[in-house]
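Enquirer: From the sequence below, what's the structure:
(2 chains)
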Amino acid sequence: MQTEIAVLRFGLGARPGDFAAAAGDPRAWLMTQIRGAVALAGSTPLAPAEQIFVEVSAARDERRADPNPAAAFNSVRDAYLPHYRAQVLARAQSAALTERPFAERLVHFWTNHFAVSADKGAVFGVAGTLENEAIRPHVNGRFIDLLTAVEQHPAMIGFLDNQYSVGKDSDLAQIAARRATLRAFRGEAEVTNKPKREFGINENLAREILELHTLGVNGGYTQGDVTSFAQIITGWSIGGGKGRLAGGIPGRFYFRDTLHEPGAKVFLGKTYYEEGQRQGEAVLADLCRNAHTANFIATKLVRHFVADDPPPAAVERVARAFLKTGGDLPQVYAALIEAPEAWDPQMRKFKTPEDFVFSSLRALNISPRQPEEVLRSFDLLGQRQYTPGSPAGWPDTSKAWDGSDALMHRVLWASRLADRYEHGLDPVGLATSSLGAYVRPETVTALRRAASGSQALALLFMSPEFQRR
Amino acid sequence: MYRYPMNTARRRFLLGTGGLAASALLPNVMFARTGGSARLVVVILRGALDGLAAVPPYADPHYAGLRGELAIAAPGAADGALALDNTFGLHPSLAFLHQRYLGGELLVFNATASPYRDRSHFDGQNVLENGLTKPIGTADGWLNRALAALPRSSGQAHERAVAISQNVPLILRGDAPVMSKSPQATPDVDEDLLARLADLYSRDDWFSARLSEAVQTEKLADEGGSVAAAPAMMPASAPPTGATKPAADRVSGTARMAAMLMRSERGPQVAVIEASGWDTHANQGGAKGALAQRLGGLDQALRTLADELGPLWAQTAVLVVTEFGRTAAVNGTRGTDHGTGGCAFLAGGAVRGGRVIADWPGLAPAALLDHRDLRPTLDLRSLFKAVLDEHMRVDAKSLATRVFPDSSGARPLEGLMRA
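Expert: As a prediction, the model looks like this:
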């Protein structure tokens, strides 16, 4: 069973050849995958975030000229749409084709951990760039590098509204205040009756870094720490902008010193004297050494790979590795591989919609060619790529996707897929090549008795053993 | 604590001194409301709706200053609030709710919150749904426990509740059987395939139970009539999707499916609808803008629900809640951050409406919680208990123990429903 567990639970389901590749030493097969960056498998060309931001900003300028607000909104969406579609297709192709499925699953894990949602119009077309530009290069590196790359990626900054978070004593706020005083001194009336814009912080990114990315919600911080951390990362922004705010490379991380709240600040009882961008980076470094972070990440990893209720012994083992190695991710993953609980022959995880679709594609040894093949599948099954809706990402416990209606949608999807791909396939052979020793005799009997090849295939994909990992 | 002088009248409702618990004196009326006749729809707004935008306290002297460009003007002004009383209005996008208020079918709650006092969405939603005072401690939801406490009348062997979603949210999870049904109608699945699957699942209880539930729900939906076609399947040649659907359409479709299931003969008594996208940290807008559009979508969905329920609306209560409110002041990015006190709505033909229920703490600096949030003065569980008691006839003992453990401090409101 060890071979099957490596391929089905740690990986993304068996393509023909996966079992053979893992058979000699399943643990070693996993270990070879967690070195170096994890490039996309497949060949869909993707534009980098900065190019997308520039295109969209051009579309937004056009929109200002357009008197019809609906047309204006559509122009931005239309500029984003091809990029979103390409990112979704690239992700599915990579999952279908990769020969490093454990590494690919880890990429998916971190993308969900550091979730940005394309539901937010402002980041619709760059949501997938976070995965490809910040996560894939660092998934097998140190956690601090992964974390820093993510929090300084324009998709994350835009998703959690940090680009215009302004310190009250920042240069920008001071200049504005001086101008207002000067106007009042001269007795100038307010030129407009629009309410004045106050400068201040937006605590969204700071809160979610603590709650969702590092310490976890019970990680020992207070509202005061959230506010202070938000002050610390004022200025973490995106290049571009106009007038006084012009600066940096459009669409890339840019530290805007004029928005930054100056001075030393206290966070979790420690005073940070660093200046500018380095102050926030110093906090991130300390967060990576915090035992709450180690425990939070370990719990999520074990929940993802082992069971919805993560076994405490496995969590402890992984957390210890995290703390001991200062968040060296390959050693953290190695601790997971070494955890005996991860090799329990009983399949405990009901597959997510992506697990189900990707493992079906791998079983059939096919890869989607058009974005709509992927998009329609997930419009039907739920959890469409890059749209968790909230910065917490998709839940990782099956209650969130195991409703009876969801099962019916899987039946529907499986039968459509089977109708298309039944030709020339041997369902019983496919059961063995995709499930190995996990195929139950009653499933084989059902496949043999099926009314058609298509029906047999649908039964295989809907069998309990195929639906779990 | 500083209080508005004009609010003594409102507090009376809160404490229930005005109502003589009339229903207890009128067994025939009570009879009419028992059994399967009452309908309850719970709408969960995920992401923390800004209560000070949805129910603007336009007469509070601190409101306009705190809110700046987000403030909703007083009734009568351009783009002003829709008047409720001398203190509160409704956001101008909530025209249908306002109409129901004037028609005596809407109760508006302000300065309310669950017992949760931190500011995490996810923990906040857990507390809103699990009915406890903390985010962890149980895997089931208060609405499910309430269903389990209802007496089983004849002909009630089927599920009493449905989640209008592919999956069941926490509030409805638990021992009482519930259905899930997404807003789109599912195209027919081959019956022979389903029969064979049932056979294949016969030794796996988990799959077996889900499949039979799904098949039954499909039948119910067929009875209620078809709604909208499901999106085309994987190998298809129709025009591409990928753009996000307008929120308003999505919620209305969900409301329509809820109504359709509830009006079918053996349909569910209780439905849960979810709508997300309320986390307005930046550029939330005032009378117009991003939040205004969301609120318009919600208003339209509630109108759709009422229209589609038809005569059943008279027996219906719709509870609209969110995990917490947002900061009293506008933040640095023309939005609001996570707060505490917020608003809630109870609408429907069964509701004794036309009132605002709020023990208003005011927005003066000293009145704010942690110098930033509207201070909650009403525990949402007091509202939940009242609805479950007066509308669904869940017995008081179950409410105080199983459904809402550790809730002795949250006494049920009284007189919320029509006698």
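
Enquirer: Going by C-alpha atoms from here, please, whenever you check contacts or count neighbours.
Expert: OK.

Enquirer: Tell me which helix or strand B:Val108 sits in.
Expert: strand B:106-113 (DSSP states H and E).

Enquirer: what about the helix or strand just after that strand, distance to the chain center?
Expert: Using DSSP H and E, the helix or strand that follows strand B:106-113 in sequence is helix B:121-130. Centre-to-centre, helix B:121-130 and its host chain are 14 Å apart (Cα atoms, centre = their mean, to the nearest Å).

Enquirer: ok and the residue in the stretch 1-150 of chain B nearest chain A?
Expert: Proximity of the stretch 1-150 of chain B to chain A (Cα to the nearest Cα) peaks at B:Glu69, 5.4 Å away.

Enquirer: leaving aside the residues next to it on the chain, what's closest to A:Asp18?
Expert: Excluding its sequence neighbours, the residue lying closest to A:Asp18 (Cα to Cα, 6 or more residues apart in numbering or on different chains) is A:Val7, at 6.8 Å.

Enquirer: and that neighbour, helix, strand or coil?
Expert: Of the three states, A:Val7 takes helix according to DSSP: H, G, I helix; E, B strand; the rest coil.

Enquirer: how close does the spatially closest residue to A:Arg289 that is not a sequence neighbour get to A:Ala339?
Expert: Spatial nearest neighbour of A:Arg289, chain neighbours left out: A:Gly326 (6.2 Å); criterion: Cα to Cα, 6+ apart. From A:Gly326 across to A:Ala339, the span is 19 Å (Cα to Cα, to the nearest Å).

Enquirer: Just checking, which helix or strand of chain A averages the lowest pLDDT?
Expert: Within chain A, no helix or strand scores below helix A:171-185, which has a mean of 85 by mean pLDDT, DSSP states H and E.

Enquirer: List the buried residues in it.
Expert: Neighbour counts over helix A:171-185 (16 or more other Cα atoms under 10 Å in any protein chain shown) mark A:171-173 as buried.

Enquirer: list the contacts for the residue nearest to A:Asp18?
Expert: By Cα atoms under 8 Å, 6 or more residues apart in numbering or on different chains, the contact set of A:Val7 is A:13-14, A:18-19, A:22, A:101-102.

Enquirer: Mind checking if the least confident helix or strand of chain A is in reach of chain B?
Expert: No. Helix A:171-185 does not reach chain B (Cα under 8 Å from any Cα of the partner chain); its nearest approach is 10.7 Å.

Enquirer: what sits against the residue in the stretch 151-300 of chain A that chain B sits nearest to?
Expert: Nearest to chain B in the stretch 151-300 of chain A, going by Cα to the nearest Cα, is A:Gly200, at a distance of 3.7 Å. Contact partners of A:Gly200, counting by Cα under 8 Å, 6+ apart, are A:165-168, B:331-333.

Enquirer: now those residues as a markdown table including distance to B:Leu132 and pLDDT?
Expert: Below are the contacts of A:Gly200 laid out as a markdown table (distance: Cα to Cα, whole Å; pLDDT from 0 to 100):
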| residue | distance to B:Leu132 | pLDDT |
| --- | --- | --- |
| A:Ser165 | 35 | 95 |
| A:Val166 | 38 | 95 |
| A:Gly167 | 38 | 95 |
| A:Lys168 | 39 | 92 |
| B:Asn331 | 31 | 93 |
| B:Gly332 | 34 | 90 |
| B:Thr333 | 34 | 89 |
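
Enquirer: Of these, which is the most crowded?
Expert: Highest neighbour count within the contacts of A:Gly200, by other Cα atoms under 10 Å in any protein chain shown: A:Val166, with 30 neighbours.

Enquirer: Break down the stretch 251-400 of chain B into its helices, ranges please.
Expert: Per DSSP state H, counting those that start in this stretch, the stretch 251-400 of chain B carries helices over the ranges B:290-309, B:380-386, B:396-398.

Enquirer: Need the winner for burial among these.
Expert: Of the helices of the stretch 251-400 of chain B, the one with the most neighbours on average (mean count of other Cα atoms under 10 Å in any protein chain shown) is helix B:380-386, at a mean of 23.

Enquirer: of all of the stretch 151-300 of chain B, which residue lies closest to chain A?
Expert: Nearest residue of the stretch 151-300 of chain B to chain A: B:Asn167, at 4.0 Å (Cα to the nearest Cα).
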